[in-house]
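Asker: I'll drop the sequence and a predicted model, then ask my questions.
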Amino acid sequence: MMKRLIALGLPVLLAAWPLHHALARDDGRYANSPLKAWFDSLKSGRGPCCSDADGLAVSDPDWDMQGTHYRVHLDGEWIVVPDDAVITEPNRSGRTMVWPIKGSLGTSIRCFMPGNLS
C-alpha cells in the first residue's frame, strides 16, 4: 500500500514542481518596466541571471571589494563573488544587484552586477 502511495504521489509532486517554480520566478510586477528585456537578457559566465524579480538589490554597506574581488554580505556572512559571476556590461539600472543561489552547501553567487561604490 505504501509503495503504491509513493508511486502515485511522486509523479504528482514532480508534475506540480515546475509550475510552482515558474510562478516563483516571475510574479509579473516588473512586466511593464522599460528595463525588463534588459534584465531578462543579463548573463554571467555562470549562465543567465534570470530577471530583476530574481535578483536582490544590495545597499552600499553590504558590498565592497576585498583585494581584486567583489564580495557581498548576505544572511549574516560575507561571500566572495567569483570572477565569472560578475556581469561586465554597463549597469543600466544603477543599483548593485546580486543573484544568489542557496543550497545545502551554503550560498553561491550566480550573477553580480556592481553599482557605484560610494
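Answerer: Looks like it arrived, so ask away.
Asker: Would you double-check that residue 40 falls in a helix?
Answerer: Yes - the assignment for residue 40 by DSSP: H, G, I helix; E, B strand; the rest coil puts it in a helix.
Asker: gap between it and residue 49?
Answerer: Distance, residue 40 to residue 49, by CB to CB, to the nearest Å: 9 Å. Bear in mind the C-beta positions are built from the backbone N, C-alpha and C, glycine included.
Asker: Looking at those two, which has the bigger crowd around it?
Answerer: Using other CB atoms under 10 Å, the more surrounded residue of residue 40 and residue 49 is residue 49, with 23 against 16.
Asker: wait, that one sits on residue 38?
Answerer: No - in this structure, residue 49 is not within contact of residue 38 by CB atoms under 8 Å, at 10.9 Å.
Asker: Show me the helices in the chain, by range?
Answerer: Taking DSSP state H as the test, the helices found in the chain are 2-25, 36-41.
Asker: weakest of these by average pLDDT?
Answerer: Mean pLDDT is lowest for helix 2-25 among the helices of the chain, at a mean of 40.
Asker: and the gap between the residue most central in space within the chain and residue 31?
Answerer: Nearest to the mean C-alpha position of the chain, by CA atoms, centre = their mean, lies residue 99 at 2.5 Å. Taking CB to CB as the measure, residue 99 falls 19 Å from residue 31.
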